[in-house]
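*Asks:* this one's structure only:
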């Protein structure tokens, strides 16, 4: 709990990511309309919203995979599209992205997957890079024997862990996770949440976490932003959000699943 | 001794500066230059450590040992909680064995093994192709009496994609080859004063061989690859499993329409290929050999029996069947990755072109023996 309280002090720090007036549309379909959002240093920000509310599109807009139709996305105080390609590549090195389905390179084995950015960006020798890659694999809880396996031979949970190891390869300042616990069994999902918090505490990165998993929200997020009606409906601590007077938010947090997750989280904290 | 990152004095080791990925190689060099017993030193001082990430932590663990770094809170209580957590976490990760099992084999052993694997794979491939052929024929026989299950729409769509859309390329290619054959014939036959036989050369070669062969090779490149890629990505996306669990037969729904479309398409394209090959020959004949178009057509009518046309055309359905089967079978062999889709697409094109040429050679032998 003490850790959570220290988090609140970060509120007056410069945000690492600031999104202002973001508009995204696909044809006539407006996904985001004047969306504003801040991600603060060292926090785990959970992004929730109904299916199709544009959570993944928001992630893609921030990391520069989709050019916003209007508005401004600033990362570490700079807009990505104002940078030249070299500065942009420098900036992108400070991101780690975990895609929904892992997106591990299928022609490389796991240790090569993770060694690739180390060789390309940090200019390590192949043996050093592969050694560090194995450290990262072990860090996310994968056995040494997995290092030489190809991504297609892995289970869903192992793919998520390996993808996390790759996202962490360059020790990023911001980690973007797109539904990291989707498709995992509850035990693996809980282990993943715990791993995320431990690594965040150790490495001090910020996390932009798109999720549907209420347990993840309660166990690991410092703040939550609700995306609804094409903008950020509310952003704040879980208690603040749960108190928001909005039908969707109420249904989300006070439905049977929401209550169960809340209960589980509070008994967990009492035990601590 | 002292560097920017480590300072080693008798009995004390000071870790200083930024232990991060950016300085990995310098750090490694600095550690390597330490005397061997530096890691076992009694006192380790982390007070001047300005920054550390997982790469730096890994090096530190290597230097001091996982057990010692794991107890960092005991000997460096003044270190910030986050760094203690990081070091402890990396030490824990590295206390497990990191080295994957070494795979070492002598080169001749590996080469023999590879040869064996290739032969076995080839054998299995032929077995699979035969099995698949049987399956498709059996499915065809089953739905033959149920016109409702013929999937006319799908067949027509595939005819358009693989046949109609391929007409321009087939026509252009055979036209050019026709012209080339005519030139070649003219060059050789001029020495014997027999340029008029250029007509026979073009007609024989296109009616019996080139019309069907060129059309089949083009479709093998164009359509077999498309079939493999389509079915392969469906397989990768578990769509084929989804069909099966709904009690639907992927052979009936996906393979038969493609095979039927090819069986209709390739004979038609062969006909187009023959005509435009003859047209190419006729153009060269009239432009550079002074053989008028009417004379060209007259000679064709008088000298060339219709048997040659029929022999050429009879090969088209066989080629079509083989190309479609190989394309579909390779698609079904795809395993869940983009890489695998690519590999099988390549394999399907290579196999179908190989089979087309092999069958054509066998057919030529057979026709010759029969005196046709």
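*Replies:* Done, it's in. Worth saying up front: this structure is predicted, and the values here are computed from it rather than measured.

*Asks:* identify the residue nearest residue B:253 in space, chain neighbours excluded?
*Replies:* residue B:243 (6.4 Å; C-beta to C-beta, 6 or more residues apart in numbering or on different chains). Yep, even glycine has a C-beta here, placed from its N, CA and C like the rest.

*Asks:* now do the helix or strand containing that neighbour: distance to the chain's middle.
*Replies:* Using DSSP states H and E, the secondary-structure element containing residue B:243 is helix B:239-245. Centroid separation for helix B:239-245 versus its chain: 23 Å, with C-alpha atoms, centre = their mean, to the nearest Å.

*Asks:* who touches that helix?
*Replies:* B:231, B:234, B:249-250, B:253-254, B:332 (C-beta atoms under 8 Å, 6 or more residues apart in numbering or on different chains).

*Asks:* still on that earlier bit, distance of the residue nearest to residue B:253 from residue B:129?
*Replies:* According to C-beta to C-beta, to the nearest Å, residue B:243 and residue B:129 sit 22 Å apart.

*Asks:* same check on residue A:78?
*Replies:* 58 Å.

*Asks:* neighbour count winner among those two?
*Replies:* residue B:129 (17 against 13; other C-beta atoms under 10 Å in any protein chain shown).

*Asks:* what sits against the closest residue to the more buried one other than its chain neighbours?
*Replies:* Nearest non-adjacent residue to residue B:129, counting by C-beta to C-beta, 6+ apart: residue B:329, 6.1 Å away. By C-beta under 8 Å, 6+ apart, the contact set of residue B:329 is B:128-129, B:132, B:348.

*Asks:* now, the residues you listed that are in helices?
*Replies:* With helices taken from DSSP state H, the overlap with the contacts of residue B:329 comprises B:128-129, B:132, B:348.

*Asks:* looking at this, residue B:50 is in a helix?
*Replies:* No: Residue B:50: not assigned to a helix; according to DSSP: H, G, I helix; E, B strand; the rest coil it is strand.

*Asks:* let me see the contact set for the nearest residue to residue B:52 once chain neighbours are set aside.
*Replies:* Closest residue in space to residue B:52, ignoring its immediate chain neighbours: residue B:19 at 4.4 Å, by C-beta to C-beta, 6+ apart. Residues near residue B:19 by C-beta under 8 Å, 6+ apart: B:5, B:27, B:49, B:51-53, B:55-57, B:59-60.

*Asks:* pLDDT check: weakest of those residues?
*Replies:* Checked by pLDDT, the contacts of residue B:19 have residue B:5 as the lowest-scoring entry (78).

*Asks:* now it: how far from chain A?
*Replies:* The gap separating residue B:5 from chain A is 16 Å, by C-beta to the nearest C-beta, to the nearest Å.

*Asks:* for whichever residue of the stretch 251-372 of chain B sits closest to chain A, which non-adjacent residue is spatially closest?
*Replies:* Proximity of the stretch 251-372 of chain B to chain A (C-beta to the nearest C-beta) peaks at residue B:337, 3.8 Å away. Nearest in space to residue B:337, with sequence neighbours left out and distances taken as C-beta to C-beta, 6+ apart, is residue A:106 at 3.8 Å.

*Asks:* tell me the secondary structure for that neighbour?
*Replies:* Relying on three-state DSSP, one would call residue A:106 coil.

*Asks:* report how many residues lie close to it.
*Replies:* Neighbours of residue A:106 using other C-beta under 10 Å come to 19.

*Asks:* test my guess that it contacts residue B:339.
*Replies:* Yes: A contact is recorded between residue A:106 and residue B:339 when judged using C-beta atoms under 8 Å, the distance being 4.6 Å.

*Asks:* please identify the helix or strand for residue B:268.
*Replies:* Counting by DSSP H and E, residue B:268 is found in helix B:256-288.

*Asks:* buried ones in that helix?
*Replies:* Within helix B:256-288, the residues that count as buried by 16 or more other C-beta atoms under 10 Å in any protein chain shown are B:256-285.

*Asks:* now do the lengthiest helix in chain A: which elements does it pack against?
*Replies:* Criterion DSSP H: the longest helix present in chain A is helix A:186-203. On a contact count with 3 or more C-beta pairs under 8 Å, 6 or more residues apart in numbering or on different chains; DSSP states H and E, helix A:186-203 meets strand A:44-48, helix A:156-167, strand A:206-210, helix A:214-220, helix B:81-95.

*Asks:* the third one near chain B anywhere?
*Replies:* No: legend: contact between strand A:206-210 and chain B by C-beta under 8 Å from any C-beta of the partner chain is lacking; minimum distance shown is 13.7 Å.

*Asks:* and that strand with strand A:44-48, angle?
*Replies:* Interaxial angle, strand A:206-210 versus strand A:44-48 (axes from the mean of the first three to the mean of the last three C-alpha atoms, to 10 degrees): 20 degrees.

*Asks:* list the buried residues for strand A:206-210?
*Replies:* In strand A:206-210, counting by 16+ other C-beta under 10 Å, buried: A:206-210.

*Asks:* phi first, then psi, for residue 43.
*Replies:* As the question left the chain open, I've gone with chain A. Phi and psi for residue A:43, reported as degrees, to the nearest 10, are phi -100, psi 160.

*Asks:* wrong one, chain B
*Replies:* phi -100, psi 130.

*Asks:* before we move on, the earlier item: and the helix holding residue B:268, how far out from the chain middle?
*Replies:* 28 Å.

*Asks:* stretch B:328-335 now?
*Replies:* Counting by C-alpha atoms, centre = their mean, stretch B:328-335 comes out at 11 Å from the chain centroid.

*Asks:* what residues sit buried inside that stretch?
*Replies:* B:328-334.

*Asks:* of the contacts of residue B:19, grab the buried ones for PyMOL.
*Replies:* Remark: buried members of the contacts of residue B:19, expressed as a PyMOL selection using 16+ other C-beta under 10 Å:
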select buried, chain B and resi 5+27+49+52+53+55+56+57+59+60
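
*Asks:* out of the contacts of residue B:19, which is nearest to residue B:89?
*Replies:* residue B:57 (8.1 Å; C-beta to C-beta).
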